[in-house]
Each structure stands twice: as structure tokens, then as C-alpha cells.
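Asks: Task: produce atomic coordinates for the following.
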Amino acid sequence: MKDLKLMSDEELVVTYAQGNNSAFDILLNRHQSNVYSYIYFIVRNREQAEDIFQETFVKAITTIKQGRYTENGKFRAWINRIAHNLIIDNYRQEKNEQTISNDEYEVDLFNNHKFSDGTVEDEMIKSQILTDVKKLIDHLPENQKEVLLMRYYRDLSFKEIADITGVSINTALGRMRYAILNMRRTAEEKNMILTMD
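Replies: Below is the predicted model of the structure:
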């Protein structure tokens, strides 16, 4: 088999899609500096840039594993486009969080239950959701549980998680993805409702 480091981006994508995780490590190493620099140049915030960078590669992994990657010969442009779209999403989300206008809504925004203190019933539902989520986490394989707890409860970056657990960033991202997929599947099987709406 051809040495992974000598493969083109497209060959690496195909090899990764066929199950060779080392192929994605090469892609990540090849493009991480360029992608991170691009993100940081726009957002000018290291923490935000790291989050968007991680999300970019999680999205790339998901797309490739689902067989939806079709950008022959254009991996670099494709990965930068994912980053760009996530930056835009991030700005939109920030803008929405910062501006609340009563004019945009027909109903009175300030009498909306989503912006008021929760009722006893709301608190009971939230408590039940948290209990259900904890049960789902407990049923995960140990390596997936470890990554999920570090990411969401300790707010560590995937690079920090990779360093602590002694695996590649790609493996940490993969474990996170599988943890979420497993939790969704188990929730569906057990008819758990994990939203307030």
C-alpha cells in the first residue's frame, strides 16, 4: 500500500472513508495550520477560533463518514468553506443573542415563557431531562464517556482531550461523534424526550 504521507488529499479522503483513521490524521496535520489561521484572522479570538476549528473538522469527519464528500480535487477549498460557514453561523448566533427586539415578534416577547422564570412544571421537566441525559452518558463506552465529560462538563478543547487521553485529535473527535450518535439512538429507542418544547 502507498505511504499515506505521499497520498493526495483525495486519496486520503477515500482511504479514511474506507476505515483507515490514520489517513484523516495526515489530512488534519496537512491543513490544520492553514484552516486555523484563516479562522483566527477573521474572529480574532483564540478560544472562539479553537472552537470553530474543532467544529470544522468534526463536520468534515461526519460528511466523509456518511459518504457525502464529493469535492474531487478540492479538499482544501472544501474544508475552508466549512470553516467559513461556521464563522458566519457563529456571528449570526452572537448577533441574535445580543439583540432582542420586541418589534420582530407579533406576540409580546417579554411575556414569552422562554424569557420568564420557569414554573414548577418547567423545573421538573428540566430535572427529568438532566436525569435522562446522565443515564444516557452512563451507558456509553468508557472512552466515549470520558471525551464527552471532558468536552461538555470540563470545557476542554479537543487538543487538550487528545493530550490527556494520549490519542490523536481525530480519535478524540471520533469518540465524541460516536458518543452523541449513541446517545441519540438510545434516547430514540427508549422514547426519551430531551427538549422543553
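Asks: What ranges in this protein fall below the confidence cut-off?
Replies: 1, 97-123, 193-197 (pLDDT under 70).
Asks: Okay, helices next: where are they in it?
Replies: Under the criterion DSSP state H, the chain contains helices at 9-17, 21-43, 46-65, 75-98, 120-138, 142-152, 158-165, 169-189.
Asks: Can you tell me which of the ones you listed is nearest to Asp3?
Replies: Ranking the helices of the chain by proximity to Asp3 (CB to CB) places helix 21-43 first, at 9.8 Å. For every residue, glycine as well, the C-beta is placed using N, CA and C.
Asks: about what we covered before: how about the helices of the chain in TSV, adding distance to Asp3 and mean neighbour count?
Replies: Converted to TSV, those look like this (distance: least, CB to CB, whole Å; neighbours: other CB atoms under 10 Å):
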stretch	distance to Asp3	mean neighbour count
helix 9-17	11	19
helix 21-43	10	17
helix 46-65	21	19
helix 75-98	18	14
helix 120-138	40	13
helix 142-152	29	17
helix 158-165	24	18
helix 169-189	18	18
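Asks: Relative to Lys2, which of the ones you listed is closest?
Replies: helix 9-17 (7.5 Å).
Asks: Quick check: the gap between the residue nearest to the spatial centre of the chain and Arg46.
Replies: Taking CA atoms, centre = their mean as the criterion, Glu55 is the residue nearest the geometric centre of the chain, at 4.5 Å. Look at Glu55 and Arg46: by CB to CB, to the nearest Å, they are 15 Å apart.
Asks: quick one, what contacts Trp78?
Replies: For Trp78, the contact set (CB atoms under 8 Å, 6 or more residues apart in numbering) comprises Ala60, Tyr69, Glu71.
Asks: if we go to 6 Å?
Replies: Taking CB atoms under 6 Å, 6 or more residues apart in numbering as the criterion, Trp78 is in contact with Glu71.
Asks: I'd like the helices of the chain as a markdown table, with distance to Lys2 appended.
Replies: As requested, these are arranged in a markdown table below (distance: least, CB to CB, whole Å):
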| stretch | distance to Lys2 |
| --- | --- |
| helix 9-17 | 7 |
| helix 21-43 | 11 |
| helix 46-65 | 19 |
| helix 75-98 | 17 |
| helix 120-138 | 40 |
| helix 142-152 | 30 |
| helix 158-165 | 26 |
| helix 169-189 | 20 |
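Asks: before we move on, back to that, so the residue nearest to the centre of the chain sits right up against Leu86, yeah?
Replies: Yes - judged on CB atoms under 6 Å, Glu55 makes contact with Leu86 at a distance of 5.3 Å.
Asks: I'd like to know how far Ile164 sits from Met150.
Replies: Taking CB to CB, one finds Ile164 at 7 Å from Met150.
Asks: Check Glu94 too.
Replies: Note on Glu94: its distance to Met150, by CB to CB, is 25 Å.
Asks: Domain map for the protein?
Replies: Following automatic domain parsing, one gets these domains for the chain: 1-99, 111-197.
Asks: nearest spatial neighbour of Asp51, skipping sequence neighbours?
Replies: The shortest distance from Asp51 to any non-neighbouring residue, by CB to CB, 6 or more residues apart in numbering, is to Ser157 (7.7 Å).
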